[in-house]
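Visitor: pasting the structure only:
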């Protein structure tokens, strides 16, 4: 599917499609006012993880940049492989940017991701079920004091996962000129029948898009 078919006004789409078969993959929509770089050197052809380094105009003084990972870990994939990969990538980005803010979000499914807390001090902020009775869609961060409690909302269109919204705890105190936003829509494990076809128009794609995680990066100057 072409980038034009999945474009959204005011956003730049970064995507990492599933190459082995239909369904799944990850996509990230970033507001065009944000400066960011993709990190292809730490991405793997075999895993559905997309990495971005984001530099909003205003950040807390203690944070140099934000490293965002959009993750899709299919139910039958190897937990050990994904765990080792995420640890290797985190070691790399922390060496490069020791004062970075970290956000890892997406569909982790059955992955035992306790190591993100044990080894990197990250906090998982989604505490309500996102599919059935399970918390499959998670958001790990070291910036949890900056954010309010994650809000889990009903499913969008045909998606069988709920949406998660994370917003700054003090966004009401920020002036309009200082607010920067990042919108992340993660496409993960979408049933074949729910995938938009090559001939889908843009409105149909938007209705089918399983947008599951939104992160509003409105940071303190």
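Guide: The structure has been received and is ready for your questions. Predicted model, so just to flag it, every value in this text is computed and none were measured.
Visitor: where does this structure have low pLDDT?
Guide: Where the chain drops to pLDDT under 70, the residues are 21-23, 154-155, 157, 170-221.
Visitor: longest helix in it, please.
Guide: For the chain, the longest helix by residue count, based on DSSP state H, is helix 79-96.
Visitor: helix or strand next in line after that helix, which one?
Guide: strand 101-107 (DSSP states H and E).
Visitor: so who does the residue nearest to residue 129 when sequence neighbours are not counted touch?
Guide: In this structure, residue 129 finds its nearest non-sequential neighbour in residue 135, 5.8 Å apart by C-beta to C-beta, 6 or more residues apart in numbering. Glycine gets a C-beta too; all of them are placed from N, C-alpha and C. Residue 135 is in contact with 126, 127, 128, 129, counting by C-beta atoms under 8 Å, 6 or more residues apart in numbering.
Visitor: so the first one sits against residue 139, correct?
Guide: Yes. Because the distance of 5.4 Å satisfies C-beta atoms under 8 Å, residue 126 is recorded as touching residue 139.
Visitor: which neighbours do those two share?
Guide: Residues touching both residue 126 and residue 139 by C-beta under 8 Å, 6+ apart: 150, 164.
Visitor: for this structure, which segments count as strands?
Guide: Listed in chain order, the strands of the chain (DSSP state E) span residues 11-16, 26-31, 35-38, 48-55, 66-72, 101-107, 123-124, 137-141, 151-153, 163-166, 213-215.
Visitor: can I get these in JSON lines with mean neighbour count?
Guide: Below are these laid out as JSON lines (neighbours: other C-beta atoms under 10 Å):
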{"stretch": "strand 11-16", "mean neighbour count": "17"}
{"stretch": "strand 26-31", "mean neighbour count": "22"}
{"stretch": "strand 35-38", "mean neighbour count": "14"}
{"stretch": "strand 48-55", "mean neighbour count": "21"}
{"stretch": "strand 66-72", "mean neighbour count": "25"}
{"stretch": "strand 101-107", "mean neighbour count": "25"}
{"stretch": "strand 123-124", "mean neighbour count": "16"}
{"stretch": "strand 137-141", "mean neighbour count": "23"}
{"stretch": "strand 151-153", "mean neighbour count": "14"}
{"stretch": "strand 163-166", "mean neighbour count": "21"}
{"stretch": "strand 213-215", "mean neighbour count": "23"}
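Visitor: pull out the buried residues from the contacts of residue 135.
Guide: Among these, those buried by neighbour count (16 or more other C-beta atoms under 10 Å) are residue 126.
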